[in-house]
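Trainee: Predicted model and sequence follow; I will ask about them next.
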Amino acid sequence: MGTDSARMLLERATTLNLQTGNLLNWGRLRKKCPSIPSEELRDCIHKTLNECSSKISPILMQEKPDVLECTVAQAIEKINPEEREELKVSAKLFLAGSNSSSIRDAVDITCSALGVAQLDSVIIAPPPLEDGINLSLEYLQPYWGELENLVQNKKIVAIGTSDLDKMLLEQLYLWAQVKPNSNQVNLASCCVMPPDLTAFAKQFDIQLLTHNDPKELLCEASFQEALQESVQNSRAHKWIPLWLLRYSVIVKSRGIIKSKGYILQAKRNVSS
């Protein structure tokens, strides 16, 4: 079984769930020391699809699954329940589509993959806006509301935001029932934390973090290219990413990363 089998499964399935973690890919990536998150992610997707293509079983070919799970057994390390209290599981969720219900799918799949009941923190990166349109509270509300439901249902402990200025962070804080506990700032566009943002965050105990993620970590074209390179003649143009989640498992007492990886979901457009 190989790329031909993978291509046939991609033609039958309507949903692709891809999981890639440190045991399979991160060790390889560490040797290359990639500095750009999008390149790191593309390499992870490419290697994981190649691994899966070489390990497709005849049984799976007969089942014709609607949802194709693309992972390798050793790719993601499940957390030992006895060690759970010693670890912090944090995630950043990048949404590609406008469906806020994708947030619940992403959290559920990640909890299942890591063998945990809840995530300790989730930072949300809403879908990119069209050029000329500014991010607003109204745009954020449905996504934040879904995160609040997950907090209330004890699937997430704390929730945070990404790239909000002081005015928008204040608007969200005043409106929200579950307050943001963190806000990521991209220092590529802001070399120094804005004083008004710093003052507001300090007043309301909001942690300010930094990141170097691009505006769109996994665009449709980039995902389709990675899919086409891994599985030739896969009709990659039919596949659209819905969300991407990057997780880290941190040892609390030592502040070191024990494991990390990506989980993503894509849909096949059956009408095109």
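Mentor: Structure's in. What do you need? Residues are numbered from 1 along each chain as shown.
Trainee: who's in contact with the nearest residue to residue 165 once chain neighbours are set aside?
Mentor: The spatially closest residue to residue 165, leaving aside those adjacent along the chain, is residue 197, at 6.4 Å (C-beta to C-beta, 6 or more residues apart in numbering). Using the backbone N, CA and C atoms, a C-beta is placed for each residue, glycine as well. When contacts are counted by C-beta atoms under 8 Å, 6 or more residues apart in numbering, residue 197 is found next to 165-166, 169, 183, 185, 208.
Trainee: How many neighbouring residues does the residue lying closest to residue 77 once chain neighbours are set aside have?
Mentor: Excluding the flanking residues, the one nearest residue 77 by C-beta to C-beta, 6+ apart is residue 259, at 5.0 Å. Residues lying near residue 259 (other C-beta atoms under 10 Å) number 19.
Trainee: okay, the strand or helix carrying residue 259 in PDB with CA atoms only?
Mentor: Using DSSP states H and E, residue 259 falls within strand 256-268. Output in PDB follows, covering the C-alpha atoms of strand 256-268 (Å, rounded to 0.1, in the frame of the first residue of the first chain):
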ATOM      1  CA  ILE A 256      10.200  22.900  29.800                       C
ATOM      2  CA  ILE A 257       8.300  21.600  26.900                       C
ATOM      3  CA  LYS A 258       7.800  17.800  27.100                       C
ATOM      4  CA  SER A 259       6.000  17.500  23.800                       C
ATOM      5  CA  LYS A 260       4.300  19.500  21.100                       C
ATOM      6  CA  GLY A 261       2.700  19.100  17.700                       C
ATOM      7  CA  TYR A 262      -0.100  20.000  15.300                       C
ATOM      8  CA  ILE A 263      -3.600  18.700  14.800                       C
ATOM      9  CA  LEU A 264      -5.700  19.900  11.800                       C
ATOM     10  CA  GLN A 265      -9.000  19.100  10.100                       C
ATOM     11  CA  ALA A 266      -9.800  19.600   6.400                       C
ATOM     12  CA  LYS A 267     -13.000  19.100   4.300                       C
ATOM     13  CA  ARG A 268     -13.300  17.800   0.800                       C
END
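Trainee: Report the helix or strand with the lowest average pLDDT across this structure.
Mentor: Lowest by mean pLDDT, DSSP states H and E among the helices and strands of the chain is helix 27-32, with a mean of 44.
Trainee: got the buried residues for the following helix or strand past it?
Mentor: Next helix or strand after helix 27-32 toward the C-terminus (DSSP H and E): helix 37-53. For helix 37-53, a neighbour-count test (16 or more other C-beta atoms under 10 Å) marks 37, 40-53 as buried.
Trainee: How about the residue nearest to residue 77: which residues does it bridge to?
Mentor: Residue 259 has the following beta-bridge partners by DSSP bridges: residue 249.
Trainee: Correct me if wrong: it contacts residue 249.
Mentor: Yes - Residue 259 lies in contact with residue 249 (C-beta atoms under 8 Å); the separation is 4.6 Å.
Trainee: between those two, what contacts are shared?
Mentor: Joint contacts of residue 259 and residue 249 (C-beta under 8 Å, 6+ apart) are residue 77.
Trainee: one step back: check which helices and strands the strand holding residue 259 is in contact with.
Mentor: strand 15-21, helix 37-53, helix 102-114, strand 239-251 (3 or more C-beta pairs under 8 Å, 6 or more residues apart in numbering; DSSP states H and E).
Trainee: what's the angle from the longest one to strand 239-251?
Mentor: To tie it back to what came earlier, the one meant is helix 37-53. 100 degrees (axes from the mean of the first three to the mean of the last three C-alpha atoms, to 10 degrees).
Trainee: Next, the angle from helix 37-53 to strand 256-268.
Mentor: 70 degrees.
Trainee: And for the third one?
Mentor: Our comparison of helix 102-114 with strand 256-268, counting by the same axes, to 10 degrees, yields an angle of 130 degrees.
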